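In: I need the structure of the sequence given here:
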Amino acid sequence: MGSENIIERIITDTEKEAADIIAAAEKSAEEVIRLANERAERNLAGTKAEVAQKTKAILDGKSATARLDCAKIELGEKRRAIDAVYEKALQKLIKLDKKRAVALAEKLLNEHAETGDEIVFAANYAYAEDVAKLGVVKERKLTLSHKGEKIDGGFVLKGKTADKDLSYGALLAADREQHVTAVAAKIFVTG
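Out: Below you'll find the model as predicted:
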C-alpha cells in the first residue's frame, strides 16, 4: 500500500469518525431538546393549574366579600325600616288623644306604680292634670312632679328603691326587644 492509500484511509476513517461524533451529538442534542420541551410543557401545565387555582381562590374570596357586603347593606336597610316603624309608633303615641293617653297612663300606673312613687311627666305631656285625677294616683298615694323630664312622651316613676322609665321611648324599646323578629317577619315577607 502506498502512502496515498494510507492517507486516504486516514481521511476516510477521520471523516467516518467525525460523522459518528456529529450524529451522536445531534442525537444527544435532540434528546436534550425533547427533555427540555417535556419539562417546559409540564411547567406550563403546572403554572396554568396554579394560575387557575389562584384565580378561583381570588374569585371565591371576592364573591364571598361581595355577598357579605350585600348582606350588610340589606341588614342596614332592614334596620332602618324597623327604626322607621318604631319612630312612627313613637310619634303616634306622643299624639294620642286625651282618652287613649289617660287610659294608657292608668294601665301603666296600675301595673308599675308602688305606694309613694313620684310621677315625673315628659315635658311635652299634655294630660298630666287628667292623670292626676285617676283613682290609682289617690289609692297608691302617688305624687306629681311639676318639673318635666326630657323624655319621649309618657312619664317616669321615681320610687324609694327604684325608678321606672315608662316613657314612650322606653316602652317601645322594650317592645322592640321582644317583638323585633315578628315585626321584621311582617315587614319583610320572603318567598
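In: so, low pLDDT: which residues of the chain?
Out: Applying pLDDT under 70 to the chain flags residues 1, 190-191.
In: tell me which residue is most central in it.
Out: With distances taken as Cα atoms, centre = their mean, K72 lies nearest the centre of the chain, 3.8 Å away.
In: what helix or strand is that residue on?
Out: Element membership for K72 (DSSP states H and E) is helix 3-94.
In: C-terminal to that helix, what's the next element?
Out: helix 98-112.
In: quick one: distance of that following helix to the chain centre.
Out: Counting by Cα atoms, centre = their mean, to the nearest Å, helix 98-112 is centred 40 Å from the centre of its parent chain.
In: in it, what's buried?
Out: Neighbour counts over helix 98-112 (16 or more other Cβ atoms under 10 Å) mark 101-102, 104-106, 108-109 as buried. C-beta here means a position set from N, CA and C on the backbone, and glycine is covered the same way.
In: ok, now stretch 133-151?
Out: By 16+ other Cβ under 10 Å, the buried positions in stretch 133-151 come out as 134, 136-137, 142, 149, 151.
In: stretch 177-185 too?
Out: Residues of stretch 177-185 classed as buried by neighbour count (16+ other Cβ under 10 Å): V183.
In: which residues touch that stretch?
Out: Among residues not part of stretch 177-185, those counted as contacts by Cβ atoms under 8 Å, 6 or more residues apart in numbering are 78, 82, 85, 176.
In: my guess is the first one contacts F188. True?
Out: Yes. Taking contact to mean Cβ atoms under 8 Å, the distance of 6.1 Å between K78 and F188 places them in contact.
In: for E8, see how far away the residue nearest to the centre of the chain is.
Out: Applying Cβ to Cβ, to the nearest Å, the value for K72 to E8 is 93 Å.
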